[in-house]
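J.: Fold the following.
(chains A and B)
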Amino acid sequence: NAGVTQTPKFQVLKTGQSMTLQCAQDMNHEYMSWYRQDPGMGLRLIHYSVGAGITDQGEVPNGYNVSRSTTEDFPLRLLSAAPSQTSVYFCASSRLAGGPGELFFGEGSRLTVL
Amino acid sequence: GQQVMQIPQYQHVQEGEDFTTYCNSSTTLSNIQWYKQRPGGHPVFLIQLVKSGEVKKQKRLTFQFGEAKKNSSLHITATQTTDVGTYFCAGRNNNDMRFGAGTRLTVKP
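T.: Now for the predicted structure:
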């Protein structure tokens, strides 16, 4: 049972580079989301999706793009990385029943921007 | 926008002592969830509260949801070293799940 799979686990970028964090789930969950975790600030919602073709912004969307072409995949794109985007990123998914339920998290992707 | 505040930020207890973390939202919530994250790990779901005034128990853990559905608490009785980690609340408003900053619990044997 894979659950939520994130790749890569670690990445170092230079300022201005672009990259995509991959997230895939095999539980047929409608809801998927991306969070970033910084010390003392908990988990902050970047973007979320309630189904294929539908995405919406969370509380810290600037500098990030997402798309949801399939139920299984929800990639997060950094178009021009900045040092402020150094963080641990978590993808999470859940069923939808009037809203997201129990969130299942991936193991995280640690990104460093120099 | 919706904000979820959690206190305290840190709590250090002697093994056997009790522990409580509190969560407050600036808006009324559809539900509230609690998660535990071990050091170096990812958040793991503990419980979801939906009804106003709801109280749920899981062994030594007691969870409460306020009458106004804007606050919640997690209480651990007689902490053990296995309780170490960061506890997060997450408040749901429609499809938007916002997390508190978490309470980091350390337990001295």
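J.: So which bits of chain A are right by chain B?
T.: A:31, A:33, A:35, A:40-45, A:48, A:50, A:56, A:58-59, A:90, A:92, A:96, A:98-108 (CB under 8 Å from any CB of the partner chain). For glycine as for every other residue, the C-beta is placed from the backbone atoms N, C-alpha and C.
J.: let's see it at 6 Å
T.: Neighbours of chain B within chain A, by CB under 6 Å from any CB of the partner chain: A:41, A:42, A:43, A:50, A:99, A:100, A:102, A:105, A:107, A:108.
J.: what sits against the first one?
T.: It stands for residue A:41. By CB atoms under 6 Å, 6 or more residues apart in numbering or on different chains, the residues touching residue A:41 are residue B:101.
J.: can you check the fifth one too?
T.: Counting by CB under 6 Å, 6+ apart, residue A:99 makes contact with B:30, B:92, B:95.
J.: and the second one, that one's in a strand?
T.: Yes. According to DSSP: H, G, I helix; E, B strand; the rest coil, residue B:92 belongs to a strand.
J.: Quick one: residues contacting it.
T.: A:99, B:29, B:30, B:31.
J.: In helices, which of those residues appear?
T.: Among the contacts of residue B:92, none falls in helices (DSSP state H).
J.: of these, closest to residue A:84?
T.: residue B:29 (29.2 Å; CB to CB).
J.: got a list of what the nearest residue to that closest one once chain neighbours are set aside touches?
T.: Closest residue in space to residue B:29, ignoring its immediate chain neighbours: residue B:91 at 4.3 Å, by CB to CB, 6 or more residues apart in numbering or on different chains. Contacts here follow CB under 6 Å, 6+ apart; on that basis residue B:91 touches B:4, B:25, B:29, B:32, B:98.
J.: Filter the residues you listed down to the buried ones.
T.: Buried subset of the contacts of residue B:91 (neighbour count, 16 or more other CB atoms under 10 Å in any protein chain shown): B:4, B:25, B:29, B:32, B:98.
J.: list the helices and strands the helix or strand bottoming out on mean pLDDT in chain B packs on?
T.: Ranked by mean pLDDT, DSSP states H and E, the weakest helix or strand in chain B is strand B:96-99, scoring a mean of 89. Judged by 3 or more CB pairs under 6 Å, 6 or more residues apart in numbering or on different chains; DSSP states H and E, strand B:96-99 is in contact with strand B:85-93.
J.: circling back: could you single out the nearest of the contacts of residue A:99 to residue B:20?
T.: Lowest distance from residue B:20 to these (CB to CB) belongs to residue B:92, with 22.0 Å.
J.: mind checking how far the closest one is from residue A:105?
T.: Distance of residue B:92 to residue A:105, computed by CB to CB, to the nearest Å: 16 Å.
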